[in-house]
Every structure is written in structure tokens, then in C-alpha cells.
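**Q** Got a sequence here, can you model it:
(chains A and B)
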Amino acid sequence: MSLSFINFGETDKLSTKKYRFSPIIYGLTQISFYLLVIFIVILHLAPFLWQVICSLKNVDEIYSLPLKYIPSKISLSAYRDLISNPLFLRYLLNSILISLSTTFFCLLLASLSGYALSRLSLRFKTFFQFLLLIACLFPQIIFLVPLYELMANLKLINKPLALVLPYVTFSLPLAVWVMTGFFQTIPKEIEEQAIIDGFSRLKILTKIILPLSRPALATCAILIFIGPFAWNEFLFSLSFMIKDTSRTVPVGIALLSGASMYEMPWNKICAACVLTTLPLIIFVIIFQKRIIEGLTRGALK
Amino acid sequence: MPKSFDEQKFGLLLILPSFILLGLVALYPILRNLILSFTENDQFIGIKNFILLFQDERFKSSLFNTLLFCLISVPLQLFLGLVFALILQQRFFTRGFVRTSVFLPWALPTAVMAVAWKWIFNDTYGVFNDILLRLQIIKEPLAWLGKPDLAFFCIILAEVWKCTPFVTVILLAGLQSIPPELYEAISVDGANTLQRFRLITLPLLRPFLLVALVFRTIQALGVFDSIWVLTGGGPGGSTEPISLYVYDTVFRYLKFSYGSTMVIFSFILSLIFVFIFYKFWGDRQIEY
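**A** Predicted coordinates for the structure are as follows:
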């Protein structure tokens, strides 16, 4: 049986050679393809979905055997407990503050740098790109010890800035690549005309380039926020935030689930996981086209 | 010429804040690690730390764990990423939804999802055991996080689940960059599906595969979040990677300089891998 309807890597309508064989075989291969797709989707979503199911269970149901896949009574008690827990709310607040600051400042820096890199030929361009490469290539553990030392010397331990600085830095590579790529698509004639008309460079940036860049800025902002150095970051947050009230939410949840596993029932932990991941999921669903476009452009560089 | 000098100054001004930040937060730590690794308590002691490193049994074990982890998880991710990218390349009903789902694991916090996996692998109430029991693949619940080999399987599964989307997105971009005319041309010459894949898709995907390989390997060498949460180093250190040992050394035993020594070793290891990958796989011009 020829699998000629599956084109390895070719963008083509699924089955251009439909009726080479009997419709039954065609139908069968269609079904098996969709079954495969369903299986793949389940694989990717299952862990999260299980968290959602478990978070809606009662405390007794969580620890009852055999396992129930559908809670007999949907209970929001776990969520109610969490929301009334001031420490958890504090974790959320810290995460929101730090992630939003990171996104804003990284966007700002990346736009300026991206613009400079795309337009002007600078002597330090290669060295700058080298620094960007270092920041995105190596794993966090390499930067941990000296950064901790640095933050301790600057008396920033337990302060949000201790996280915002590294987060902005390590988010720069992808952000700069996205913005540079975008700026390269803006024709130089627009700015040349503006210079002839007597606009200062600063005016060009704010009055002409900025409004044009809105879509790219949005894409960049989302990529930063859902990236590994904002909401989701763990190692630096664990190391630099030692006071309980300064912690961010991923660290908070990890510590809750580890230390007091027998005190905190799992439906509450699951609810915490769902609350933490929900904003990201909403972002991904709404902006999925942007995200994939932005990432693939970055990858192509 | 005043005009271009002005441009230079302006450009420099624009990238200056990023420059400073990168220099301080990205470049300085690497250099500082180098210095720290040759000192102890601010006194220069030469290569004593490195000698200690090579005699450290726990380090050797963590190095072995890390390398084994990379060796198993990275090829798996590349293979699965390729399969998923090929499937997502097809046009089919609900493709947008499927793409979003496939991308989701990468967007979720590693540590939080590791907590989710911890619950899934729970030996009494975990859904993993439950499904295996119902499918009669195992007869009794297994202690997934309590036995060394099983725990290793768990951390690999969590990592592959989380990181394959990264590969998928890169390879999808690669697939979309292949001009369809090539496929048409070779079809005219009578090539079948497998030949088209072997002769066009794979070679043209090579730079993308290389990027995915390099990034995934280096990030796998430094894996921390998921393992810290899932096993904390595993039963008896059997799942402890280098990064966890470094974390312990620095924050529990307060041996900063020894931690830097280990990090320098990892750093050099990463560089060696990048070098090897580019040597064997890199930058050969594909003529068509």
C-alpha cells in the first residue's frame, strides 16, 4: 500500500492522489492519520488536563482508590482555599510584577538595539552579537554563582530587581532577533525621506518607527512573557529570593509540594498549578499564530 | 564625515544599555567563574580545585548521570520533533488547534509541570500506575520516583515532554523553507516518497537539525528545574545531574569556588560538544 498521500515535508493538500487505490483504503489511511493526531494532542495536553481534573476534586476523592477520572462532584474548595491564602496571593503578585517589568524593559532595550543593528553599521556589532550568543546558548547554572555573589554585593537579594536584571538580559537574544528581523523589513526610504524633511533621529523613532512596530512589539512581548526567563523561571528565583514573601509562584508551588506533602492535600497543589499555568495557556491560545511566527523567524536566523 | 560619525554615536547610544546589561550579567559571570575556580576563600590556590574535582566520586556520578540523560533525551526529542513537524506540515482540519496543543508544553513553567508529573508518578494515587494497571502492562503499582532506574525514566519523560515542542517549531520552520519546486522536480524524475524525504527533506533540514541539536544538548547538560522538583537528585543521587550538585555545593555547603570549578568544567564540556557538532554536521553548502 503506497503511503503517497503522506508527503514527507511537502506542503500539499492532504491526498492529491486520492483515488489511486480504493476509497476504502483511502478512508482507512485518513482515519489512522486523524487517530495519530488525536493521540499526539492527548499526549501533549494530558498532564495539564489531569491537573485540572484533580483540582476539581474533593479532598477525600483525591485520596480514594480506585482513581476516578471524572470527579463525582465538582468542588471548587481547593481554589477557594488558595485564593484566601495570602502567601499564595503574594507569590502571584511577585510573579506578575517581575514578569511585567521584565517584559517591558526587555522590549524597550530590544527595540533600541534591534533598530540600531538593523539600520546602522556599527563597529561593535559583531561583539554585541557574540554577547547575545553567550546569553542564549549556555544553561543558567553557569551564571548562578557569580550572579548570586553580585546580587549579594549589590544588596539586591530578596528584591525584585535581583530577578528582573538577569531576566531582561537572558531574554534579550530572542527579543533582539525578533525586533531586528522586523526592522529590516521597514524600507530605509521612509527614514531617509524623514531626514531630508528635517526630522531628528529621535523624532523618527517615536513618530514613525514606533507606530509601525506595534505588531512586532506585541509578538516580542508575548515571547518574552511566556519564555524561560519571566513567569516560568525557577533557578534564579529559588536562589535569589530567600524570604518567603519575595518568592515567585513556580518556586512557591515547588516548595509547597515538596516540604509539606502530607500537610497540603494534592487537590490544592493541583489547583495552584492550574492557576499558575492558566494565564500562559490563555496567552498561547490567543496569540498562537504570532508566537509561532516570531519563533520561526528567530530560528531562521 | 560628520554624518556617519553622528550615526555611529547614535547607534552606540541605542545599544549601550543592552551592552552594559549583557556585559554585567552574561559575560562577567563567566570570567568570574574562571577566577573563582582557581581560588579558595579569596586566596589563589592554583589547580587544586580541579584536582579535587577529578577525585570527587559524587561529581563523577553526576557527570555520568548528566551525559546519560543527554544521550537518551536529546535524540528522542529530535526524532519526535521531526515526526511532529512532518505531521504538522500537512494541511488538515483542526491543524491550528493541534499546533497550539503541541506547542503548549514549552510555554508552561518547567517546575510547575514537574509538580504535575510528581503527582502523575505517585505510586499510590498516580495516574501513570493506574493506566498501566488497567491496561495490564504491570501487575502491581511501581514506585516510579523511588527506584533509581524508574526515576531516571521519569525525568527523561518529563524532559522530552517539555522540550520536544522547541524542536518541533524549529523543524517546522525548516520544512516550510524548502521550496516545493524541488519536490516537483524530483517527482518528475520518478522518486517515491521515501526517496524524496532522504534526498531533499533531510539534507535541507540539516542546518535546522543542527541548531536544535546544539541548543537542546547544551540545555540538557544544564538541566535543573524538573529534576530538582521531581526527584531532588533521585533515590541516593541516582538522578543527580551536575547542576544539582553545583546547587548543593554552593547553597548547602557554601563552597563557592568549588562550585565555580564544576561550572567551568561544564562550560568547557558544552564548548566541546558545540565544536564536535559543528565539525561533523555544520555548514556544508548544499547545492541544488
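
**Q** And the strands in chain B?
**A** Taking DSSP state E as the test, the strands found in chain B are B:39-40, B:43-44.

**Q** Then the stretch 151-300 of chain A?
**A** Taking DSSP state E, counting those that start in this stretch as the criterion, the stretch 151-300 of chain A contains no strands.

**Q** which residues of it score low on pLDDT?
**A** For the stretch 151-300 of chain A, residues meeting the criterion pLDDT under 70 lie at A:258-263, A:296-300.

**Q** 90 instead?
**A** A:177-178, A:181-216, A:219, A:226-227, A:244, A:254-268, A:279, A:282-300 (pLDDT under 90).

**Q** The residue nearest to residue A:72 when sequence neighbours are not counted: helix or strand, and which one exactly?
**A** Excluding the flanking residues, the one nearest residue A:72 by Cβ to Cβ, 6 or more residues apart in numbering or on different chains is residue A:61, at 6.8 Å. (Each C-beta comes from the backbone N, C-alpha and C, glycine too.) With elements taken from DSSP states H and E, the one containing residue A:61 is helix A:59-62.

**Q** tell me, how many neighbours does residue B:9 end up with?
**A** 10 (other Cβ atoms under 10 Å in any protein chain shown).

**Q** Against residue A:204, how distant is it?
**A** Going from residue B:9 to residue A:204 by Cβ to Cβ, to the nearest Å gives 15 Å.

**Q** Residue A:78 too?
**A** On the measure of Cβ to Cβ, residue A:78 and residue A:204 end up 54 Å apart.

**Q** you'd agree residue B:32 is up against residue A:146?
**A** Yes: using Cβ atoms under 8 Å, residue B:32 is in contact with residue A:146, at 3.8 Å.

**Q** Can you pull the residues that touch both of the two?
**A** Listed as contacting both residue B:32 and residue A:146 by Cβ atoms under 8 Å, 6 or more residues apart in numbering or on different chains are residue B:260.

**Q** Residue A:77 against residue A:57, yeah?
**A** No: using Cβ under 8 Å, residue A:77 is not in contact with residue A:57; the gap is 9.3 Å.

**Q** Tell me the residues that contact both of the two, please.
**A** residue A:267.

**Q** contacting residues for residue 125?
**A** Defaulting to chain A. With Cβ under 8 Å, 6+ apart, residue A:125 has these contacts: residue A:117.

**Q** not what I meant, chain B
**A** With Cβ under 8 Å, 6+ apart, residue B:125 has these contacts: A:62, A:63, A:65, A:67, A:266, B:119.

**Q** wait, which of those is closest to residue B:45?
**A** Using Cβ to Cβ, residue B:119 comes nearest to residue B:45 of the contacts of residue B:125, at 46.0 Å.

**Q** neighbours around the closest one, how many?
**A** Quick note: residue B:119 (other Cβ under 10 Å) scores 22 neighbours.

**Q** For chain B, give me its nearest residue in chain A.
**A** With distances taken as Cβ to the nearest Cβ, chain A approaches chain B most closely at residue A:139, which sits 2.1 Å away.

**Q** just checking, that residue touches residue B:217?
**A** No: using Cβ under 8 Å, residue A:139 is not in contact with residue B:217; the gap is 10.3 Å.

**Q** Mutual contacts of these two, please.
**A** In contact with both residue A:139 and residue B:217: residue B:270, using Cβ under 8 Å, 6+ apart.

**Q** between the strands of chain B, which one is nearest to chain A?
**A** Of these, nearest to chain A by Cβ to the nearest Cβ is strand B:39-40, at 12.3 Å.

**Q** And residue A:78 and residue A:204? Which one has more around it.
**A** residue A:78 (25 against 18).

**Q** ok, that one - contacts?
**A** Residues near residue A:78 by Cβ under 8 Å, 6+ apart: A:55, A:56, A:57, A:265, A:267, A:268, A:270, A:271.

**Q** give me that answer again for 7 Å
**A** By Cβ atoms under 7 Å, 6 or more residues apart in numbering or on different chains, residue A:78 lies in contact with A:55, A:267, A:268, A:271.

**Q** What's the local residue count around the residue in chain B that chain A sits nearest to?
**A** Ranking the residues of chain B by distance to chain A (Cβ to the nearest Cβ) places residue B:222 first, at 2.1 Å. By the criterion of other Cβ under 10 Å, residue B:222 has 23 neighbours.

**Q** Identify the residue spatially nearest to it, adjacent ones excluded.
**A** Nearest one to residue B:222, counting by Cβ to Cβ, 6+ apart, is residue A:139 at 2.1 Å.

**Q** secondary structure class for the one you found?
**A** At residue A:139 the chain is in coil, as set by DSSP: H, G, I helix; E, B strand; the rest coil.

**Q** which residues touch it?
**A** Counting by Cβ under 7 Å, 6+ apart, residue A:139 touches B:218, B:219, B:221, B:222.

**Q** which residues touch the first one?
**A** By Cβ under 7 Å, 6+ apart, the contact set of residue B:218 is A:137, A:138, A:139, B:270, B:273.

**Q** how close does residue B:255 sit to residue A:214?
**A** 50 Å.

**Q** What residues sit buried inside stretch A:179-190?
**A** Neighbour counts over stretch A:179-190 (16 or more other Cβ atoms under 10 Å in any protein chain shown) mark A:179, A:180, A:181, A:182, A:183, A:186 as buried.

**Q** Oops, could you answer that again for stretch B:122-139 instead?
**A** B:122, B:123, B:125, B:126, B:127, B:128, B:129, B:130, B:132, B:133.

**Q** One more: stretch A:256-275?
**A** A:256-257, A:265-275.

**Q** ditto for stretch A:82-100
**A** Neighbour-count burial for stretch A:82-100 [16+ other Cβ under 10 Å]: A:82, A:88, A:90, A:91, A:92, A:94, A:95, A:98, A:99.

**Q** still on that earlier bit, roughly how far apart are the residue of chain B closest to chain A and residue A:54?
**A** Taken as Cβ to Cβ, the span from residue B:222 to residue A:54 is 31 Å.

**Q** quick one on the thing from earlier: taking the contacts of residue A:78 together, which two end up most distant?
**A** A:55 and A:268 (8.0 Å).

**Q** on that earlier part again, now do the helix holding residue A:61: distance to the chain's middle.
**A** Counting by Cα atoms, centre = their mean, to the nearest Å, helix A:59-62 is centred 32 Å from the centre of its parent chain.

**Q** Equivalent analysis for stretch A:100-120, please.
**A** With Cα atoms, centre = their mean, you get 18 Å for stretch A:100-120.

**Q** how many other residues sit next to residue B:161?
**A** Residues near residue B:161, counting by other Cβ under 10 Å: 21.

**Q** Hmm, I typed the wrong one, I wanted residue A:136.
**A** If you count neighbours by other Cβ under 10 Å, residue A:136 ends up with 20.

**Q** In contact with the residue nearest to it when sequence neighbours are not counted, which residues?
**A** Using Cβ to Cβ, 6+ apart and skipping the chain neighbours, the partner closest in space to residue A:136 is residue A:173 (3.6 Å). Residues in contact with residue A:173 (Cβ under 7 Å, 6+ apart) are A:132, A:135, A:136.
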